[in-house]
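Sharing a model that was predicted from the sequence below.
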Amino acid sequence: MDFLTTNSPALIVALPLFAAFAIPLISRAGERTRNTFSLVIFGLISFLVAILAVNVHSVGIRVYTFGATAAQMALPHGYMVPVRIMFEVDGMSMFMGIIVTTVALAALIYSLQFMKGRTGQARFYSLMMLLYAGMMGLAFTGDMFNLFVFLEIASIAGAALAAYRTNMADAVEGGFKYIVISAVSALLVLFAIGILYAQYDVLSIAALAHFMQYTPLDMIALALLVGALVMKLAGVPLHMWAPDTYTVAPAGTTPMILAASYISMYALYRVTFTMYGGLINTTAIGWVVIIVGVLSMFVGVMMAVHQTDIKRMMAYHAVSQGGYMLLGVGVCLAVITDPAALASYGRDAMNGGIFHIINHVFYKALLFMTAEAIFFRIGTRDTNKMGGLARNMKWTAGFYIIGALAISGIPPFNGFASKLLIYESVLKFSPVLSVIAMFVSLVTLASFAKVFYSAFTGPPMPAYEGVKEVPKSMIVGMSILAVLIIFFGLFPGLIVDTIVAPATNALIDQASYINAVMGAVP
Amino acid sequence: MSVVDYGYAVWAPLIWIVALIVIGVMVLIWRNRGQKDYKKGTAQTDIFLSGAKVPPEEQRHVKSENIYWGFFESLKDLYGAMMRPHTGIVSDYLLWFVVILAIIIPILVGAG
């Protein structure tokens, strides 16, 4: 058990990487063998994530240095700076790890039946494992270069998965757009890393934070990182690729590509809060994040309510909900140097923004799965052609209702808990922003009510008389997320205290992150 | 465990659910005191469309593009402006990226 606890950060990334390369070989033994192997490996990974989460919660920041005599030895003997590849897992990294693992587990179970009968399944599961490995590596990495490497792994795997259904032209186009914007973003991230490396000769995030002097070159590097990561997380006005990509990705992969966008949001927070920390003009950058957040909320929801493609509508809502997260965290960033404001509402705004990440990924993943369940049975995403589906697809309709009420911020679901935190705290910062956030929630409810009315209710359509409910594994995948949504909604205090507040504290407390690696180095 | 309390506001979902159940029971009691003497399957329960002929079941469905028509019609200028940048062309997306970088870099360098 000690071996697993000590090496869990590395194993959590190494196991899916191993599985990604083993799956094509194991697929030769049959579909059932491959599916069993995938589930067993993922079960083991989930167990390791649970162990690591408990460990980080009790012990604090975990540093894992590859190639060192002892895993937690960040600085080699006689060195003043870290030189090895390193993972540094704090509350925020673990928070993202829990989100990604939960969504990936639900997506894997969902995909078992959804992908049945399709060709290229070995590649599909292999890419899912690669995407998972990339996201977890990005969440855990302690150095900037591996942040770029894992960003690329996740982007390439995500693009290949988006384009999986090569018989559909829009799928290939969506995958192409994703790889183009990912490649441009990643190259600019690399350029920014090059600027930082040229100045400080270190790549470790903690070391960069320790040595950072915030020269004009550092400001340019920050601008490149912020711009590139805002595009990856689909913040307005750099969001236009998101509906094209999310819409066409097959069932279980849309939630994972969505999670990849929020991993990019995590990278943005890591760069601004941890690497640059108190040196930046937090008011200016906070307001940049707030403006991107408000634009994302408004443009995302107004475009969403207009859509007649069910998945495209949900993709625009993903853009809109990302705005809530940016708004909460932006408000905290804007007041971070004012201790009174930070204590009064800044921390709550951050808690709300971060709580909203996990809530949103769960209910948006559920909604995407319900949309794909409809597509699985009736072969169309056009809501104009749908109708009366609640008669034959009761489970799907029930899950849709749960997801729709959660995303609209209706109590007692999880979306309400995080949105209330955001409304109340942002109200103290600026009432106008809070009112905009509430208006966006209203329009969100209106758009999901519209789709529910046209797709699920109404008289039975003759074309869908023989439509049945989706297979069991798809229902199980959706159930996992539905249960979590209800649980998070009924026990928000527990979630805020155990995983959200440690994540907030990890971001605000830059010194602990630096000291975990740099120790007593002056 | 269930309650989120941050000084100026409290959210207690379990208490909210209990309140909802109590209100739901009260609503059910009032509803059951309503009229019970209507006959199902007669003109009393037929659809009434202001005297107009009721179309057959398969033609009664309202398409999703027709819902909220008034909202979209009154905001058609806003929607025109919002739809224009969404060209679907990836090079246009990258152009937006260049423009935003050109805005962010001076802001961050100037703000210091």
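That came in fine, so what should we check first?

hey, let's count contacts and neighbours off CA atoms from now on
OK.

Could you list the low-confidence segments of the chain?
Looking at chain A here, since you left the chain open. A:520-522 (pLDDT under 70).

other chain: chain B
B:6-8, B:112.

Let me see the contact set for the closest residue to chain A within it.
In chain B, no residue comes nearer to chain A than residue B:2, which is 3.9 Å away by CA to the nearest CA. Applying CA atoms under 8 Å, 6 or more residues apart in numbering or on different chains, we find residue B:2 in contact with A:490, A:491, A:492, A:493, A:494, B:12, B:13, B:14.

Please list the residues of chain B that sit near chain A.
Contacts of chain B with chain A, taken as CA under 8 Å from any CA of the partner chain, map to B:1-6, B:9, B:11, B:13-14, B:16-17, B:57-58, B:60-65, B:67, B:72, B:79, B:82, B:86, B:88, B:90, B:93-94, B:96-97, B:100-101, B:104-105, B:107-109, B:111-112.

coming back round to it: list the backbone torsions phi and psi for the closest residue to the residue of chain B closest to chain A other than its chain neighbours.
Excluding the flanking residues, the one nearest residue B:2 by CA to CA, 6 or more residues apart in numbering or on different chains is residue A:491, at 3.9 Å. The phi and psi values for residue A:491, taken as degrees, to the nearest 10, are phi -130, psi 60.

what residues are up against residue A:491?
Counting by CA under 8 Å, 6+ apart, residue A:491 touches B:1, B:2, B:3, B:13.

coming back round to it: who wins for most neighbours among the contacts of residue B:2?
residue A:492 (27 neighbours; other CA atoms under 10 Å in any protein chain shown).

Can you name the residue of chain A nearest chain B?
For chain A, CA to the nearest CA, closest residue to chain B: residue A:491, 3.9 Å.

Any figure for the gap between that residue and residue B:12?
Distance, residue A:491 to residue B:12, using CA to CA, to the nearest Å: 9 Å.

which residues do those two both contact?
Contacts common to residue A:491 and residue B:12, judged by CA under 8 Å, 6+ apart, are B:2, B:3.

Spatially nearest residue to residue A:99, not counting backbone neighbours?
That would be residue A:358: by CA to CA, 6+ apart, it lies 6.0 Å from residue A:99.

How about the residues of the stretch 301-450 of chain A by chain B?
A:303, A:306-308, A:348, A:383-385, A:387, A:411-412, A:417, A:424, A:450.

change it to 6 Å
A:383, A:384, A:412 (CA under 6 Å from any CA of the partner chain).

residues in contact with the helix ranked longest in chain B?
For chain B, the longest helix by residue count, based on DSSP state H, is helix B:90-111. The contact list for helix B:90-111 (CA atoms under 6 Å, 6 or more residues apart in numbering or on different chains) reads A:219, A:223, A:227.

I'd like the distance from that helix to the chain centre, please.
Centroid separation for helix B:90-111 versus its chain: 33 Å, with CA atoms, centre = their mean, to the nearest Å.

before we move on, what SS does residue A:71 have?
Three-state assignment for residue A:71 (DSSP: H, G, I helix; E, B strand; the rest coil): coil.

Now that it has come up, it's in contact with residue A:84, right?
No: counting by CA atoms under 6 Å, residue A:84 is not a contact partner of residue A:71; they are 10.9 Å apart.

any shared contact partners between the two?
With CA under 6 Å, 6+ apart as the test, residue A:71 and residue A:84 reach no residue in common.

near chain B, which residues of chain A show up?
Taking CA under 6 Å from any CA as the criterion, chain A approaches chain B at residues A:219, A:223, A:227, A:383-384, A:412, A:454, A:458, A:490-494.

Next up, phi/psi of the residue most central in space within chain B, please.
Centrality entry for chain B: nearest residue to the mean C-alpha point is residue B:68, 10.2 Å, by CA atoms, centre = their mean. Per-residue torsions, residue B:68: phi 60, psi 30 (degrees, to the nearest 10).
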